[in-house]
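Engineer: sharing a model that was predicted from the sequence below.
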Amino acid sequence: MTSHRLPSLAGALFVPLVAWICYLLLLIPTLIVFPISLGNSAEMEFPPSNPSLDLYRQFFSDPAWWGSMIQSGIIALITTVLTIVLAVPAAYALQRSHIRGQGFVQGLIMGPLLVPVIVLALGLYLQLGPWGGLNSNLTLVLSHTMLAVPFMMLSVGASLRHIDPALENAALIMGASKRAVFFRVVLPQLASGIAAGSMFAFLISLDEVIVAYFITGPDTQTLPVKMYSAIRWEVSPVIAAISTLLTIVSFVLAIAIMFLERNQRTNTG
Amino acid sequence: MSGDAPYLTSRAGILLLAPLVILLLLFFVYPLLFTLWNSVYEGGLTVRAYEELFTSTLFYKVLRTTFVISFTATAVSLLLGYPVALHISRQPPGRRVIYLTLVMLPFWTSILVKSFALTVLLGYSGIINQMLGSISGGQLNIPMVFNRFGAIIGMINYLLPFMILSILGSLLAQDPNLARAAEVMGAGRFRIFRKVTLPLSMPGVMAGVIINFTLSIGMYITPALLGGRQDMMIANLIDFYTRQTLDWPVASAIAVVLLAISGILVAILGKVRGSQGTMGAAA
């Protein structure tokens, strides 16, 4: 009996042990930037001997840094709005109509998830050059929208599957136009799906490096592109402050997404 | 009531889909086709770029490096990710959310932040080497970044959540009564795992491995920031030909090769996951 119990005890300890090591390995790189961001601007210290907000002051007093943060924020916001405007009607159409080539359209929409981003970045760079579309906010937003669309489609598609088409038919019979039905019956029920999809879209655009690195120029450089070059050439402590700000945004949005998805599951059973 | 008749006419459906489809044709399909075109057209049709590629020792070296690094990172990610998925699947639903959050927060953190943090942790004068130095009186300093080790660590950190989520899906889909039945019949914990849980989770394992490997071979940021200068991966080679040598046909040819390899992997993933499978590649 004992010889049987021993390996089973080891097994019982092994799984939680490895799991906890992994949780730490995953979390430490994300969390370590918080204490480091409180250090001084001369060299990186852990733990900081004299905790201060110097690095944040340095970040906000350098227009090259906070300017690219504002640029990134604006690009991410416009990308989010455009993704909603394009993807929500498309998700609705895929669910409520039968058109020829539906499978092809679905594949096309999910395509950007399946292609390595570097391939898309090169393609866009080669294509936009002759079009005069490099170093342009418009093409940057359109490229980011292309990358964010699959996430919005998955999120809104999941919400759509949960709503009852009978409600739409009922509203139609009572004399509402299809347009009114969409805006007053369907859209309110999709609110949490759209909200989750929007946060995905915002984060994807905000954190996107590779495409932006290939197609932006001095006038359109985003925060991740500036960070990437900065980390590449000299690791300056101010990056710890930027990383902390970015991580806070990611955490807030990620928790909001998980909350919305959980709500959706419990609401619909 | 309305039977099978769709709620929207196909005309309405097409109108609602058209703007998105046009965007994707211009900013997704066209760049891919243009890359393919660029790899074979230099004032006339030619296979010069592919010839140059397949006779270049650099290309083979990069290909080998990419596969070795991707394979190692995927294997370690599987060995670490499986126990984590098992641990999460054994929690009651309330606590499961908390552990999932621990996995999802790093998943949503910018890859630049994670790479930067790893250089701070593992670098020459990083936190770990400072500790080693103070313990050993300045004797010990282990180079952990700007080499293959650093690239692999960074990639595992990025890949693990994908592996965990994929395996967790197939663990949670299992009927808990199966394990209970095996227990009633007198099977030990390890035996239940080996004979019931593990075989039933194989689809999740396969999907996780393919997703990890597909993501690995296309990785650009992590090898550029944490890897060795001599240890280029395919994505970095594309960048090298685009910016350094300005040989766009060769850059395009490498992209076509990378696209073909990922295409094959995604097709296998589709087979593993069944008809609706490929969508999960990102989530």
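Structural biologist: That came in fine, so what should we check first?

Engineer: so how far is stretch A:186-201 from its chain's centroid?
Structural biologist: How far stretch A:186-201 lies from its chain's middle: 14 Å, per Cα atoms, centre = their mean, to the nearest Å.

Engineer: list the buried residues in that stretch.
Structural biologist: Neighbour-count burial for stretch A:186-201 flags A:186, A:190, A:192-201 (criterion: 16 or more other Cβ atoms under 10 Å in any protein chain shown). In this view, the C-beta of every residue, glycine as well, is placed from N, C-alpha and C.

Engineer: from those residues, pick the one nearest B:L165.
Structural biologist: Of all the buried residues of stretch A:186-201, A:F200 has the smallest distance to B:L165: 15.1 Å, by Cβ to Cβ.

Engineer: what sits closest to the closest one if chain neighbours are left out?
Structural biologist: Closest residue to A:F200 apart from its sequence neighbours, by Cβ to Cβ, 6 or more residues apart in numbering or on different chains: A:F151 at 3.9 Å.

Engineer: which strand or helix spans the one you found?
Structural biologist: In the assignment (DSSP states H and E), A:F151 maps to helix A:137-162.

Engineer: which strands and helices lie in contact with that helix?
Structural biologist: When contacts are defined as 3 or more Cβ pairs under 8 Å, 6 or more residues apart in numbering or on different chains; DSSP states H and E, helix A:137-162 sits against helix A:63-96, helix A:102-114, helix A:117-131, helix A:187-207, helix A:210-215, helix A:238-268, helix B:10-24.

Engineer: which of those has the lowest average pLDDT?
Structural biologist: For these, the weakest mean pLDDT is recorded on helix A:238-268, namely a mean of 86.

Engineer: now the angle from that one to helix A:137-162?
Structural biologist: 30 degrees (axes from the mean of the first three to the mean of the last three Cα atoms, to 10 degrees).

Engineer: out of the buried residues of stretch A:186-201, the closest to A:V225 would be?
Structural biologist: Relative to A:V225, the closest of the buried residues of stretch A:186-201 is A:A201; by Cβ to Cβ it sits at 18.8 Å.

Engineer: look up how far B:M233 lies from that closest one.
Structural biologist: Using Cβ to Cβ, to the nearest Å, one obtains 28 Å as the distance from A:A201 to B:M233.

Engineer: that older thread, mind putting the buried residues of stretch A:186-201 in a markdown table, distance to B:L86 included?
Structural biologist: As requested, the buried residues of stretch A:186-201 are exported to a markdown table (distance: Cβ to Cβ, whole Å):
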| residue | distance to B:L86 |
| --- | --- |
| A:V186 | 41 |
| A:L190 | 36 |
| A:S192 | 31 |
| A:G193 | 31 |
| A:I194 | 35 |
| A:A195 | 33 |
| A:A196 | 28 |
| A:G197 | 31 |
| A:S198 | 34 |
| A:M199 | 30 |
| A:F200 | 28 |
| A:A201 | 33 |
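
Engineer: list the contacts of the residue nearest to A:F200.
Structural biologist: A:F151 makes contact with A:197, A:200-201, A:204, B:282, according to Cβ atoms under 8 Å, 6 or more residues apart in numbering or on different chains.

Engineer: whatever residue of the stretch 151-283 of chain B ends up closest to chain A: neighbour count?
Structural biologist: Going by Cβ to the nearest Cβ, chain A is nearest to B:G218 of the stretch 151-283 of chain B, at 2.9 Å. If you count neighbours by other Cβ atoms under 10 Å in any protein chain shown, B:G218 ends up with 23.

Engineer: from memory it sits against B:I261, does it?
Structural biologist: No: between B:G218 and B:I261 there is no contact under Cβ atoms under 8 Å: 9.0 Å.

Engineer: return the residues of the stretch 151-269 of chain A in contact with chain B.
Structural biologist: By the rule Cβ under 8 Å from any Cβ of the partner chain, the part of the stretch 151-269 of chain A lying against chain B is A:151, A:154, A:165-166, A:168-169, A:178, A:203, A:206-207, A:209-210, A:214, A:224, A:227-228, A:231-232, A:235, A:239-240, A:243, A:246-247, A:250-251, A:253-255, A:258, A:262.
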